[in-house]
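S.K.: Coordinates only, no sequence provided:
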DNA sequence: CTGAAAGCGCTTACAG
DNA sequence: CTGAAAGCGCTTACAG
């Protein structure tokens, strides 16, 4: 039985089958109060029976609205990003909006293409969960539809709302936690120059100074961690900029024969699935992911409702203490 | 500087700015040979300058084609699925098609919604990377646009093409590998009733019989693995139905004080990022992910080109031996 | 409650 | 090479 693809039925087909005008079908389908209950039910039944489905392109073209929210992420491989997407999706759905997702690796031009594609598709708003999208791409996109950035940009982009967590504070929570346990040689693994990485590094350094300790910042690549863990002067605790790199540190600790947390405490950031899977379970910093998704969608609808001033929302993270430190 | 959202420029605006008719702009934009080089360049420059972007809904409505491929996955959290998506995307892009992604957890109705949504959007084809989409939903979707299933369905769905790996063979590769190392008590952890799970279990059982060994199948939940690893009669090797569950087994082995692979060999399936991250690095079965994406898109374009008979492509997996067994 | 009509932004013959 | 016109499938006043 080969799939026979016939032209999909239109409003006109439904109208013909129901013996009414096509306007009436349209009205009935969207529950217009001017259509009697009996008529509406009859029309719905006919529509269902002929397999009618509205054409979103026709509707979007006519309405100028698509009820679509575009979400752009750099990478499907990063659990922090995909977990954010899920929360945006839940929030959008609650508002009657559908989400279309696009991802584009860390190549700026590919991400820019994706942003433009979603714009061409006619999304009513755009949520960007990637700090790799250039500011001018965001600005251009915002001329067509509101854009909200989940996460940090290097500096605020005029016209773009944002929601992110307070990375400095998150880093400080980690430092205080480790210092309170008596650690004095607390290293920070962070080679990132992205805004969040920079903020966490700054938070670490400030907090270390505040508790009277000396900062030690290292990068993962190429042998940063191995060198860090070698020799007698090694740290007793490592704070990594995110869970992925914390797992790398755990890996190196294992190689070096160090017990975690006895010989070395390890703390991550983001509280992703990796933290919950790691051995030992990773102490980490949790962002308010659910709230971030909800707020992102609220910021979008706020703009659609006419708000003109930029909003930058900063949420407080919290420390999740598990077995690793 | 609040983002001023003015109505986006249309073909008509470009035409006015360039002092030509709107048909000519349309022709020029799509590189019609009937437009002189000079005129084309001038029009492109004007379009660019006024910030013109074509409306995909208008184009789709007119053309009946969107140049969009929809991809549906159950979960963004499963690396096997997201890695497949990346390969589909690369293949689609090479054909000038764009990918829009939708995900919907394992709830059948939510997945069905997503499939319908993508259909409403007007995608030219659908790639389904989830065995949780009911057959009737696939069939309905296929009336609008070709559908290809990446992975297995319980039985072939008429009208739907598919590409998947030979799970029975993959399982047999694992059994033979372990048996060749002298293992005699090789257990299989697999509580899945999904098509792939069932096939891997069957492959395991058949291969065990072929090498003259007795099968031991256990489920992960709730304490299956812990019980399996306890006591003197425990297996010396465990083959898990996928990398995720193999990591669970590694976890339990650690709890039970077993050294891997000395006390217990562990093998997974899928060769995801989890396998490459696990300690010790996981021996696993690799599907031809790149080829799967490419073939999926080829099957789609084949249908669009008019092919009417169903194609079911089965690819050979291969064993990737790492440190765990 | 119902139907004829206009128009969203495009593409595509068709006539010059 | 150029322009007027029709039509994709919808929604939305508007007149009955």
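M.R.: Looks like it came in fine. The model shown is predicted, which means the values in this text are computed figures rather than measured ones.
S.K.: Helix, strand, or coil at the residue in the stretch 51-200 of chain A positioned nearest to DNA strand C?
M.R.: Closest contact between the stretch 51-200 of chain A and DNA strand C, by Cβ to the nearest atom of the strand, is at residue A:62 (3.5 Å). Every C-beta, even on glycine, is put in place using the N, C-alpha and C of the backbone. Put simply, residue A:62 is helix when judged by DSSP: H, G, I helix; E, B strand; the rest coil.
S.K.: in chain A, what spans have low per-residue confidence?
M.R.: A:1-6, A:106, A:222 (pLDDT under 70).
S.K.: mind giving me the domain ranges of it?
M.R.: With automatic domain parsing as the criterion, the domains of chain A are listed as A:11-54, A:65-165+A:289-315, A:167-286.
S.K.: got those domains as a markdown table, with mean neighbour count and distance to residue B:262 columns?
M.R.: Listed next are the domains of chain A as a markdown table, based on neighbours: other Cβ atoms under 10 Å in any protein chain shown; distance: least, Cβ to Cβ, whole Å:
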| stretch | mean neighbour count | distance to residue B:262 |
| --- | --- | --- |
| domain A:11-54 | 15 | 59 |
| domain A:65-165+A:289-315 | 20 | 31 |
| domain A:167-286 | 19 | 16 |
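S.K.: Return the residues of chain A in contact with DNA strand D.
M.R.: By the rule Cβ under 7 Å from any atom of the strand, the part of chain A lying against DNA strand D is A:7-8, A:10-12, A:22-23, A:26-27, A:29-30, A:52-55, A:58-59, A:61-63.
S.K.: Okay, and the residue nearest to residue A:279 when sequence neighbours are not counted sits in which element?
M.R.: Of all residues not flanking residue A:279 in the chain, residue B:254 sits nearest, at 5.9 Å (Cβ to Cβ, 6 or more residues apart in numbering or on different chains). Here residue B:254 sits within helix B:243-255, counting by DSSP states H and E.
S.K.: where exactly do the strands run in the stretch 151-300 of chain A?
M.R.: A:161-165, A:186-189, A:216-218, A:237-240, A:265-267, A:284-286 (DSSP state E, counting those that start in this stretch).
S.K.: Distance to DNA strand C for the domains of chain A - can I get that in TSV?
M.R.: Output for the domains of chain A, formatted as TSV (distance: least, Cβ to the nearest atom of the strand, whole Å):
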stretch	distance to DNA strand C
domain A:11-54	2
domain A:65-165+A:289-315	9
domain A:167-286	35
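S.K.: Which of those domains sits closest to residue B:264?
M.R.: domain A:167-286 (15.3 Å; Cβ to Cβ).
S.K.: mind checking which of the domains of chain A is nearest residue B:184?
M.R.: Nearest of these (Cβ to Cβ): domain A:167-286, 28.6 Å.
S.K.: What is the distance between that closest one and the centre of its chain?
M.R.: 23 Å (Cα atoms, centre = their mean, to the nearest Å).
S.K.: for it, how far is the first residue from the last?
M.R.: 11 Å (Cα to Cα, to the nearest Å).
S.K.: Out of the strands of the stretch 151-300 of chain A, which is closest to chain B?
M.R.: strand A:161-165 (9.6 Å; Cβ to the nearest Cβ).
S.K.: Who are the packing partners of the closest one?
M.R.: Packing contacts for strand A:161-165, counted by 3 or more Cβ pairs under 8 Å, 6 or more residues apart in numbering or on different chains; DSSP states H and E, involve strand A:147-150, helix A:289-304, strand A:312-315.
S.K.: I'd assumed residue A:275 was in contact with residue A:83.
M.R.: No: Residue A:83 is beyond contact range of residue A:275, at 11.3 Å (criterion: Cβ atoms under 8 Å).
S.K.: ok, back up a step: may I see the domains of chain A arranged in TSV, with distance to residue B:325 as well?
M.R.: Rendered in TSV, the data for those read as follows (distance: least, Cβ to Cβ, whole Å):
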stretch	distance to residue B:325
domain A:11-54	50
domain A:65-165+A:289-315	25
domain A:167-286	18
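S.K.: And those domains: which comes nearest residue B:280?
M.R.: Nearest of these (Cβ to Cβ): domain A:167-286, 9.5 Å.
S.K.: sorry, back to before: what's the helix holding residue B:254 in contact with?
M.R.: A:277, A:279, B:78-80, B:189-190, B:220, B:225-226, B:229, B:238, B:240, B:260, B:263-264, B:266-272, B:274-275, B:278-279, B:282, B:284, B:324 (Cβ atoms under 8 Å, 6 or more residues apart in numbering or on different chains).
S.K.: Likewise for stretch A:203-211?
M.R.: With Cβ under 8 Å, 6+ apart, stretch A:203-211 has contacts from A:167-172, A:174-176, A:179, A:186, A:188, A:190, A:214-215, A:217, A:239.
S.K.: mind redoing it with 10 Å?
M.R.: If you take Cβ atoms under 10 Å, 6 or more residues apart in numbering or on different chains as the criterion, stretch A:203-211 is touched by A:166-176, A:178-180, A:183-184, A:186-188, A:190, A:213-217, A:239, A:241.
S.K.: Filter the residues of chain A next to DNA strand D down to just the ones in strands.
M.R.: Using DSSP state E, no member of those falls within strands.
S.K.: so which of these also contact chain B?
M.R.: A:7, A:8, A:53, A:54, A:55, A:58, A:59, A:61, A:62, A:63 (Cβ under 10 Å from any Cβ of the partner chain).
S.K.: any idea how far residue A:26 is from the last one?
M.R.: Yep, that's residue A:63 we're talking about. Here residue A:63 is placed at a distance of 12 Å from residue A:26 (Cβ to Cβ, to the nearest Å).
S.K.: those helices in the stretch 101-250 of chain A, which residues are they?
M.R.: A:108-121, A:135-141, A:167-180, A:195-210, A:224-229, A:243-255 (DSSP state H, counting those that start in this stretch).
S.K.: any chance of these in TSV, with distance to residue B:144 too?
M.R.: Converted to TSV, those look like this (distance: least, Cβ to Cβ, whole Å):
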stretch	distance to residue B:144
helix A:108-121	18
helix A:135-141	30
helix A:167-180	46
helix A:195-210	42
helix A:224-229	52
helix A:243-255	40
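S.K.: Figure out which of those helices is closest to residue A:46.
M.R.: helix A:108-121 (30.4 Å).
S.K.: tell me which strands and helices that closest one is in contact with?
M.R.: helix A:56-63, strand A:68-73, strand A:98-103, strand A:125-129, helix A:135-141, helix B:56-63, strand B:98-103 (3 or more Cβ pairs under 10 Å, 6 or more residues apart in numbering or on different chains; DSSP states H and E).
S.K.: ok now do residue A:167, which residues does it touch?
M.R.: Residue A:167 touches A:151-152, A:195-204, A:241, A:269, A:285, A:287, A:314, A:317, counting by Cβ under 10 Å, 6+ apart.
S.K.: redo that, cut-off 8 Å
M.R.: With Cβ under 8 Å, 6+ apart, residue A:167 has these contacts: A:152, A:196, A:199, A:200, A:203, A:317.
S.K.: ditto for residue A:314
M.R.: Residue A:314 neighbours (Cβ under 8 Å, 6+ apart): A:163, A:164, A:165, A:166.
S.K.: Work out which residue lies at the spatial centre of chain A.
M.R.: residue A:84 (3.5 Å; Cα atoms, centre = their mean).
S.K.: give me the element that residue is part of.
M.R.: helix A:79-94.
S.K.: How about residue A:76: what's its closest non-neighbour residue?
M.R.: Using Cβ to Cβ, 6+ apart, the closest residue to residue A:76 is residue B:82 (3.9 Å).
S.K.: my read: that neighbour touches residue A:85, true?
M.R.: No: using Cβ under 8 Å, residue B:82 makes no contact with residue A:85, being 11.1 Å away.
S.K.: mind listing what the residue lying closest to residue A:96 once chain neighbours are set aside touches?
M.R.: Spatial nearest neighbour of residue A:96, excluding adjacent residues (Cβ to Cβ, 6+ apart): residue A:67 at 6.6 Å. By Cβ under 8 Å, 6+ apart, the contact set of residue A:67 is A:96, A:97, A:98, A:124.
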